[in-house]
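K.L.:
fold the following and give me the result.
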Amino acid sequence: MRGKKKLRNQQEGLSRRDFLKGASMAVSTGLLAAPEAGAAAPEHGPEILGPGAVPITLRINGKPHSLKVEPRVTLLDALRNRLDLTGAKKVCDRGVCGACTVLMDGRPVYACNVLAIEAEGHNLVTIEGLSTADELHPVMAAFVNHDAQQCGFCTPGFVVASKAFLDKHPDPTLEDVERGLGGNLCRCGTYVGVREAVLEAAKTLKGGRSNG
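P.N.:
Below you'll find the predicted structure:
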């Protein structure tokens, strides 16, 4: 019965596979996007930026930075190559490892997944903005105390992510820390030291000695 129904449907018109195949070809050739004959163009379309460099201002660590970038430039490349803020590391460049983590309006984001022009108008904090000339942020100090860094490439991202995590979870358990930092990877395998460092920093921060 089912086979007869399928055969009848195919005889009456296109099969589902034929339809999807035809629609895919239409989209790829631009047929579905063609305007109707006689349709008037909109008077005010969306603003188009690029492909050349456009001026933007990024507020980073409490200070404005004016620069010109092509719309395709990521926040990570703008930080490292245009502003000499090299704390955020370019490792996977695919939004996987977390080495480029920065804070955007207090939320941890992968800088390699954010376009520089998208970051305009937001408050950005990088690893360089967490400490002062005289004192390390408690998370940084705890990382040193627990030897939570080896090669150092993942460390800035872990520190920034840990700071954001503790802002939302000031009294975490070990399991909370493990789950909360799941978006950051350490190829050296110093996870035990990282987790212990975050727990120590949580205690220090509750004592009111935070710089962030």
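K.L.:
so where do the strands sit in this protein?
P.N.:
For the chain, the strands defined by DSSP state E cover 54-60, 63-69, 101-104, 107-110, 123-125.
K.L.:
of all those strands, which one is nearest residue 188?
P.N.:
Residue 188 lies closest to strand 101-104 among the strands of the chain, at 16.9 Å (Cβ to Cβ). The way it works is simple: take the backbone N, C-alpha and C, and place the C-beta from them, glycine included.
K.L.:
how about that closest one as PDB, C-alpha atoms only?
P.N.:
Taking C-alpha atoms only, strand 101-104 is exported to PDB below (Å, rounded to 0.1, in the frame of the first residue of the first chain):
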ATOM      1  CA  THR A 101      38.600  34.700  25.000                       C
ATOM      2  CA  VAL A 102      37.800  38.400  25.800                       C
ATOM      3  CA  LEU A 103      34.900  40.000  27.600                       C
ATOM      4  CA  MET A 104      32.200  41.800  25.700                       C
END
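K.L.:
hey, which of the strands of the chain is tucked in deepest?
P.N.:
strand 101-104 (a mean of 24; mean count of other Cβ atoms under 10 Å).
K.L.:
could you give the mean pLDDT of that one?
P.N.:
The pLDDT scores in strand 101-104 average 98.
K.L.:
tell me the strands beside that strand, with direction?
P.N.:
Here strand 101-104 is paired, per DSSP bridges, with strand 107-110 (antiparallel), strand 123-125 (antiparallel).
K.L.:
let's have the strands of the chain in CSV, adding distance to residue 160.
P.N.:
Formatted as CSV, the strands of the chain follow (distance: least, Cβ to Cβ, whole Å):
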stretch, distance to residue 160
strand 54-60, 13
strand 63-69, 17
strand 101-104, 5
strand 107-110, 6
strand 123-125, 7
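K.L.:
sounds good, over and out.
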